[in-house]
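Engineer: would you be able to build a 3D model of this:
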Amino acid sequence: MNTFQSDLTFGKSILFGIIGGLVAGIAMAPLLMLTGILAGMSEKAIPFALGLTFGIDPDYAFLFGLIIYIIISILIGIKFAIIKYR
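Structural biologist: I've put the predicted structure just below:
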(Lines give C-alpha, C1' and ligand atoms only; values in the text may rest on other atoms or scores of the structure.)
Protein backbone atom coordinates (compact mmCIF):
# COMPACT_ATOMS: atom_id res chain seq x y z
CA MET A 1 0.00 0.00 0.00
CA ASN A 2 1.38 3.40 -0.99
CA THR A 3 1.22 6.23 1.47
CA PHE A 4 1.51 9.85 0.51
CA GLN A 5 4.22 11.70 2.38
CA SER A 6 4.32 15.45 1.98
CA ASP A 7 7.47 17.46 2.51
CA LEU A 8 5.33 20.52 3.15
CA THR A 9 6.41 22.28 6.32
CA PHE A 10 3.99 24.03 8.63
CA GLY A 11 5.26 27.43 7.47
CA LYS A 12 4.74 26.59 3.80
CA SER A 13 1.30 25.26 4.60
CA ILE A 14 0.37 28.55 6.29
CA LEU A 15 1.78 30.50 3.34
CA PHE A 16 -0.35 28.49 0.91
CA GLY A 17 -3.34 29.14 3.17
CA ILE A 18 -2.66 32.88 3.08
CA ILE A 19 -2.36 32.86 -0.71
CA GLY A 20 -5.46 30.71 -1.11
CA GLY A 21 -7.49 32.91 1.22
CA LEU A 22 -6.35 36.06 -0.57
CA VAL A 23 -7.23 34.65 -4.00
CA ALA A 24 -10.60 33.40 -2.74
CA GLY A 25 -11.38 36.74 -1.11
CA ILE A 26 -10.58 38.66 -4.27
CA ALA A 27 -12.59 36.21 -6.37
CA MET A 28 -15.62 36.46 -4.07
CA ALA A 29 -15.55 40.27 -3.65
CA PRO A 30 -17.61 40.90 -6.82
CA LEU A 31 -20.20 38.44 -5.55
CA LEU A 32 -20.30 40.32 -2.25
CA MET A 33 -21.14 43.46 -4.20
CA LEU A 34 -23.63 41.61 -6.40
CA THR A 35 -25.45 40.51 -3.25
CA GLY A 36 -25.97 44.16 -2.37
CA ILE A 37 -27.33 44.89 -5.84
CA LEU A 38 -29.72 41.92 -5.71
CA ALA A 39 -30.96 43.13 -2.32
CA GLY A 40 -31.88 46.47 -3.91
CA MET A 41 -28.98 48.42 -2.42
CA SER A 42 -25.84 49.98 -3.81
CA GLU A 43 -22.98 47.66 -4.78
CA LYS A 44 -20.95 49.31 -2.03
CA ALA A 45 -23.56 48.75 0.69
CA ILE A 46 -22.25 45.56 2.32
CA PRO A 47 -18.55 46.52 2.53
CA PHE A 48 -19.64 50.03 3.58
CA ALA A 49 -21.78 48.60 6.39
CA LEU A 50 -18.90 46.38 7.48
CA GLY A 51 -16.65 49.43 7.69
CA LEU A 52 -19.24 51.42 9.62
CA THR A 53 -19.58 48.53 12.08
CA PHE A 54 -16.01 49.18 13.16
CA GLY A 55 -16.70 52.88 13.63
CA ILE A 56 -14.72 54.05 10.63
CA ASP A 57 -15.34 57.47 9.07
CA PRO A 58 -17.95 57.14 6.28
CA ASP A 59 -15.45 58.49 3.74
CA TYR A 60 -13.23 55.43 4.27
CA ALA A 61 -15.79 52.84 5.37
CA PHE A 62 -16.09 51.13 1.97
CA LEU A 63 -12.33 50.62 1.58
CA PHE A 64 -11.95 49.51 5.20
CA GLY A 65 -14.87 47.08 4.77
CA LEU A 66 -13.19 45.49 1.75
CA ILE A 67 -9.89 45.22 3.62
CA ILE A 68 -11.63 43.53 6.57
CA TYR A 69 -13.37 41.17 4.14
CA ILE A 70 -10.02 40.18 2.60
CA ILE A 71 -8.44 39.72 6.05
CA ILE A 72 -11.31 37.43 7.06
CA SER A 73 -10.78 35.43 3.85
CA ILE A 74 -7.07 35.09 4.63
CA LEU A 75 -7.84 33.89 8.18
CA ILE A 76 -10.21 31.27 6.79
CA GLY A 77 -7.46 30.17 4.36
CA ILE A 78 -5.02 29.84 7.27
CA LYS A 79 -7.57 27.79 9.18
CA PHE A 80 -7.96 25.39 6.26
CA ALA A 81 -4.14 25.17 5.91
CA ILE A 82 -3.82 24.20 9.58
CA ILE A 83 -6.53 21.56 9.22
CA LYS A 84 -4.89 20.19 6.06
CA TYR A 85 -1.44 20.14 7.65
CA ARG A 86 -2.53 17.94 10.55
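
Engineer: where does the residue nearest to Y85 when sequence neighbours are not counted fall, secondary structure wise?
Structural biologist: In space, and not counting its chain neighbours, Y85 is closest to S13: 4.2 Å by C-beta to C-beta, 6 or more residues apart in numbering. For the C-beta atoms, the positions are set from N, CA and C on the backbone; glycine is no exception. Applying DSSP states H and E as the criterion places S13 in helix 10-38.

Engineer: which one is the residue nearest the centre of the chain nearest to, not counting chain neighbours?
Structural biologist: Closest to where the C-alpha atoms of the chain average out (C-alpha atoms, centre = their mean) is S73, at 1.7 Å. Of all residues not flanking S73 in the chain, G25 sits nearest, at 2.8 Å (C-beta to C-beta, 6+ apart).

Engineer: so who does the one you found touch?
Structural biologist: Contacts for G25 were tallied using C-beta atoms under 8 Å, 6 or more residues apart in numbering; they are Y69, I70, I72, S73, I74.

Engineer: quick one: it from I74, how far?
Structural biologist: 7 Å (C-beta to C-beta, to the nearest Å).

Engineer: ok, I83 next?
Structural biologist: I83 is 15 Å from I74, by C-beta to C-beta.

Engineer: which one's more surrounded, those two?
Structural biologist: Neighbour totals were compared for I83 and I74, and I74 leads with 19 against 10 (other C-beta atoms under 10 Å).
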